[in-house]
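S.K.: Kindly generate the corresponding structure for this input.
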Amino acid sequence: MEKMKLNNPALMNGLDRIQNLIPTKPTEIKKSGGEGEVSFKDTFKDALKEANSANETAALKTGAAKADGPQLKFSNHAIERMQSRGISYSPQDLTRLGEAVQKAAAKGSKDTLVLMDHSALIVSVKNNTVVTVMDKNALKENVFTNIDSTIVM
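M.R.: All right, here's what the predicted structure looks like:
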């Protein structure tokens, strides 16, 4: 074999070209954490934060009611109204709301007006969805149509 390499100038030339690419001693492994570098640990923490944030948003859209019945959902319109009017509900409020909607469904209601402490909600009982939300000030002198029941909480 060695004799063949020496006799063939093409093989000799090929080996010479890659010979300086072969390391002669082990090289050090670079550690992350230097200036301007992002470590895997930080990237993983950021990904976890984003996933937790997405789960919280999804919980709000599904109502996060932990009642035994079907979960109450909030329409995008209702979420926008809540955000623009500064309305929020505690988990206990959502549980009470879910129970009230179940009672309305048991009585055959399709669309109901729910009057809570400081707000009013229009709920599609059939779809288990809060359609819109109003604060106490927006209730004055309003006429609610297309509802077949009212729940006072």
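S.K.: Can you get me a residue count around residue 76?
M.R.: For residue 76, the count of nearby residues is 8 (other Cβ atoms under 10 Å). Every C-beta, even on glycine, is put in place using the N, C-alpha and C of the backbone.
S.K.: and what of residue 115?
M.R.: Neighbours of residue 115 (other Cβ under 10 Å): 15.
S.K.: i'd like the first residue to be 387 from this point on
M.R.: That works, and once the first residue is 387, the last one we named lands at residue 501.
S.K.: Residue 411 falls within a strand, correct?
M.R.: No - checked against DSSP: H, G, I helix; E, B strand; the rest coil, residue 411 lies outside a strand; its state is coil.
S.K.: mind checking pLDDT for residue 519?
M.R.: Looking at residue 519, its pLDDT is 92.
S.K.: quick one, strands of the protein?
M.R.: Secondary structure of the chain, counting by DSSP state E: strands at 459-460, 497-501, 505-510, 515-521, 535-538.
S.K.: neighbouring strands for the shortest one, and are they parallel or not?
M.R.: The strands beside strand 459-460 in its sheet (DSSP bridges) come out as strand 515-521 (parallel).
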